[in-house]
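# My questions concern the predicted model and sequence given below.
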Amino acid sequence: MNYTLGILAAASLVLVFAIMVRVQYGYISQLRGQRHKTGSEQNTYYEKMTFEEEQLHYNQQGGFWPASLVASIIYKARHKKAAH
């Protein structure tokens, strides 16, 4: 009984983490696409953000940093060929 509950909890955590990675990947994709469309470098892009946009970005990226890290690695791996 205890093992079943533990396995169920672990499976739930993996599922939630996978969903969070997918959300973060979409956010990173959209952010980099928008930055590419404006033609600005990363620092310039963030400097032009309003205070509200900065706070939204911080909350989006900071709250889920493990999922954001994994999503960033996946994004870089998928788009490595496009950069070269």
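Right, received. Where do you want to start?
# now the residue positioned nearest the centre of the chain: how far from Ser68?
Nearest to the geometric centre of the chain sits Gln24, at 2.6 Å (C-alpha atoms, centre = their mean). To Ser68, Gln24 is 5 Å away according to C-beta to C-beta, to the nearest Å. Bear in mind the C-beta positions are built from the backbone N, C-alpha and C, glycine included.
# list residues touching both of those two?
Residues touching both Gln24 and Ser68 by C-beta atoms under 8 Å, 6 or more residues apart in numbering: Gln61.
# and the next element down the chain from the lengthiest helix in the chain?
Longest helix in the chain by number of residues, with DSSP state H as the criterion: helix 2-38. Remark: after helix 2-38, the chain's next helix or strand is helix 42-47, criterion DSSP states H and E.
# residues making contact with that following helix?
Helix 42-47 is contacted by residues Arg35, Thr38, Glu54, His57 when judged by C-beta under 8 Å, 6+ apart.
# can you rerun that using 6 Å?
Arg35 (C-beta atoms under 6 Å, 6 or more residues apart in numbering).
# gap between the closest residue to His57 other than its chain neighbours and Val70?
Residue nearest to His57 in three dimensions, not counting chain neighbours: Met49, with 6.9 Å by C-beta to C-beta, 6 or more residues apart in numbering. Going from Met49 to Val70 by C-beta to C-beta gives 24 Å.
# Between those two, tell me which one has more neighbours.
Val70 (17 against 12; other C-beta atoms under 10 Å).
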